[in-house]
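Asks: structure for this input, please:
(2 chains)
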Amino acid sequence: MMTRALLVLGLLVRIGYADDAVRKGTPDKFVKAAGEAFRAAVAADKAGDLRDALGLYQKAFLISPHPSTAYNIADVLRRLNVLPAALKSYEIYLAIAPTAADKAQVEALVDKLTKTPGMLWVSTPSPSDPQAIDLTNAYILIDGEIKKQPGVEVHAGPNGFREGYGFDLRAGEHVVDVVTEVSFGSAVCSFGPGESKECSVRAPPRSDGSVVFNSNDGVKVRVPPKPKGRNQAREVRFDLPAGKQRLQISDRSFECNSMMIEVPKGDIAYVFVSTTEHDRLERCRTLKVVQHKLHF
Amino acid sequence: MRSTPLVLGALLALTSSAFAGPAYGLPPKPGPPVRKSASLEFSSEALGEFAEAMMADKAGDLEKAKNHYQRSLGDTPQPATLYNMADVERRMERYKEAIAGYRKYLDAAPDAADRADVEALIGKLQQTPQIVTIGGDDPRALVFLDGVLVGPSPQTITVPAGWHAVDRVGPASFKHDLFEAKPLDVRTVHTYERDKDEIGNVVFTASSGLQSSGSWKDGDREWRFPHRNQLAPGRYETVAFGEKYLCNSILFDVPKGNDVIYVYVDAGDKPDRGACLPHTVKIKKLVFPP
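Replies: Predicted coordinates:
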């Protein structure tokens, strides 16, 4: 990391601020002030004082934006491991220096940083809360994927988090479902690249039903499936007889193709529906359906 | 920036071929993103919003991208931001808004190097047929448009401008609607079924020109559009709305068995009350999805 930092610093000194492009209409006094802040930032950066360097680079940028400053802000933030803010600054750099010689390298770095996993810590409130869940004997599913089966003891939490389970995941928004024999709770939690986030899940102490349905974005199921009526919900548990059953699905206000599921006898059918299409489309979006049999 | 005209050219080609198709077709694909970069003309605040917009845009969160682009405009809107907002609207299939956005871009950048390409793109987008989504409550229903079976519900298709008749027929449901398609519109026709079952082996329906004319009687039997009822097997002939309304009687056969038939009387959408109306009858035996 130090080598990279020095290389970057070397580059920055070479493309220094004061002798570089001057924005149209920017009075010299602002260019001068930005240049002074930039030079002070480089000095602080070389001295390893990253917090001061960041503040000074940001000051320079706010006085008079410049690609080198945007890049250096991103680089300092990256070394401080504040990846979401670093990514934003790299994006600013790419936006104002679209023909930069290192564009491909920076884009590759952005791609790599964007994919840096974070850690989602799934917990539940203390037993003083009636809606606390027996996590040990629960399934934990994230975005429809089984992450933990019943029977695994909870772990002590890092960073002051309550006891629970940690999962390395891509950054972004995740739907966390916790299913026990007698309850179902869900939470939507998000975090940035490289971040750790506690996701506390609660559930009504009792929810009956052989089917658990959830989705990531506005997709609902008709509960219980019947030919008429519009009792639609997501994040829901309901009862259906064992065997092949048809679920009627809607996406916001749009009807979707119905789907067949297999409801196991004595177990629970878990159904998760997701879409990656944007929510302005005036129709049911393309849906991905995941089904699991949950056995207790 | 140098690559933009090439990308835009590819987009125009894609858009052009996507629009060439049958009268009722699949919606055109909006094509890939074409984004412009910011410049040092932006304020630092505008750059921050622009960067957030680009990140959301690349991540596929177009609504969030649009909001950040909007905030990036500030007091001195930059052409690149206006262009990118229009591009987001285009990819969201909001073609009216996209066209308005591209025009704002051209107004803000009268000497833009890609002016001809953007004007050509506006011209192509203006030819976008209306996109309509037809859905409802009954998952086993079939969708008909102007008497032609489109497929199982729901359906998203393009339709030519003008009045259209939609029928949604299920094993125990039937709903009929009319709508007017206007260029560049994106709309939804929800045919929510009634609370009670609509049953019967004959669905009797018609084009928009025959919709508001009430009912008529042939002997003891009362007829009206649209209607679903139970008829015994055999041949039926009726004179709609009196002898001078349609030029010929309506004639169709009801087969034996449990089949449901769909009878569509097409007399166009603008009846000329001064003379009898020519018409055609389309009949379809229905097979519902399992």
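Asks: can we go C-alpha only for contacts and neighbour counts from here?
Replies: Noted.
Asks: rank the helices and strands of chain A by mean pLDDT and give me the bottom one.
Replies: helix A:2-14 (a mean of 36; mean pLDDT, DSSP states H and E).
Asks: can you list the residues of chain A near chain B?
Replies: A:23-24, A:61-62, A:64-66, A:88-89, A:91-92, A:94-99, A:227-230, A:248, A:254-258, A:276-283 (Cα under 8 Å from any Cα of the partner chain).
Asks: any of those residues buried? List them.
Replies: Among these, those buried by neighbour count (16 or more other Cα atoms under 10 Å in any protein chain shown) are A:23, A:61-62, A:64-66, A:88-89, A:91-92, A:94-98, A:227-229, A:248, A:254-258, A:277, A:279, A:282-283.
Asks: those residues in strands, which ones?
Replies: The members of those that map onto strands under DSSP state E are A:Phe254, A:Glu255.
Asks: give me the spatial nearest neighbour of B:Arg115, chain neighbours excluded.
Replies: Residue nearest to B:Arg115 in three dimensions, not counting chain neighbours: B:Leu106, with 6.8 Å by Cα to Cα, 6 or more residues apart in numbering or on different chains.
Asks: pretty sure the one you found is touching B:Asp114, no?
Replies: No - counting by Cα atoms under 8 Å, B:Leu106 stays clear of B:Asp114, with 9.3 Å between them.
Asks: compare these two (neighbour count), which wins?
Replies: Counted by other Cα atoms under 10 Å in any protein chain shown, B:Leu106 and B:Asp114 do not tie: B:Leu106 has more neighbours, with 19 against 14.
Asks: now A:Val289, nearest residue through space, not along the chain?
Replies: Closest to A:Val289 by Cα to Cα, 6+ apart is A:Val273, at 4.6 Å.
Asks: so what's B:Pro171 up against?
Replies: B:Arg140, B:Ala141, B:Ile199, B:Phe288 (Cα atoms under 8 Å, 6 or more residues apart in numbering or on different chains).
Asks: outline the domain layout of chain A.
Replies: Following automatic domain parsing, chain A resolves into domains at A:2-114, A:118-200, A:211-294.
Asks: can you list those in a markdown table and add distance to B:Ser43?
Replies: Output for the domains of chain A, formatted as a markdown table (distance: least, Cα to Cα, whole Å):
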| stretch | distance to B:Ser43 |
| --- | --- |
| domain A:2-114 | 7 |
| domain A:118-200 | 26 |
| domain A:211-294 | 29 |
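Asks: circling back: the residue nearest to A:Val289: what's it in contact with?
Replies: A:Gly144, A:Asn214, A:Ser215, A:Asn216, A:Val219, A:Leu287, A:Lys288, A:Val289, A:Val290.
Asks: go again using 10 Å as the cut-off
Replies: A:143-144, A:213-221, A:234, A:249, A:287-291 (Cα atoms under 10 Å, 6 or more residues apart in numbering or on different chains).
Asks: which secondary structure element is home to it?
Replies: A:Val273 is located in strand A:268-274, with elements delineated by DSSP states H and E.
Asks: ditto for B:Ile134
Replies: For B:Ile134, the enclosing helix or strand under DSSP H and E is strand B:130-136.
Asks: same check on B:Arg168?
Replies: Here B:Arg168, judged by DSSP H and E, is contained in strand B:162-170.
Asks: surely A:Ser190 is in contact with A:Ile142?
Replies: No - at 11.8 Å, A:Ser190 does not count as touching A:Ile142 under the criterion of Cα atoms under 10 Å.
Asks: identify the contacts common to the two.
Replies: Going by Cα under 10 Å, 6+ apart, residues that sit against A:Ser190 and also against A:Ile142 are A:Leu120, A:His174, A:Val175.
Asks: got a list of what the residue lying closest to B:Ala56 once chain neighbours are set aside touches?
Replies: Nearest non-adjacent residue to B:Ala56, counting by Cα to Cα, 6+ apart: B:Ala65, 5.0 Å away. Going by Cα under 10 Å, 6+ apart, B:Ala65 touches B:49-59, B:71, B:84-85, B:88.
Asks: about what we covered before: tell me how far the strand holding A:Val273 lies from the chain's centre.
Replies: Once both centres are worked out by Cα atoms, centre = their mean, to the nearest Å, strand A:268-274 turns out to sit 21 Å from its chain's centre.
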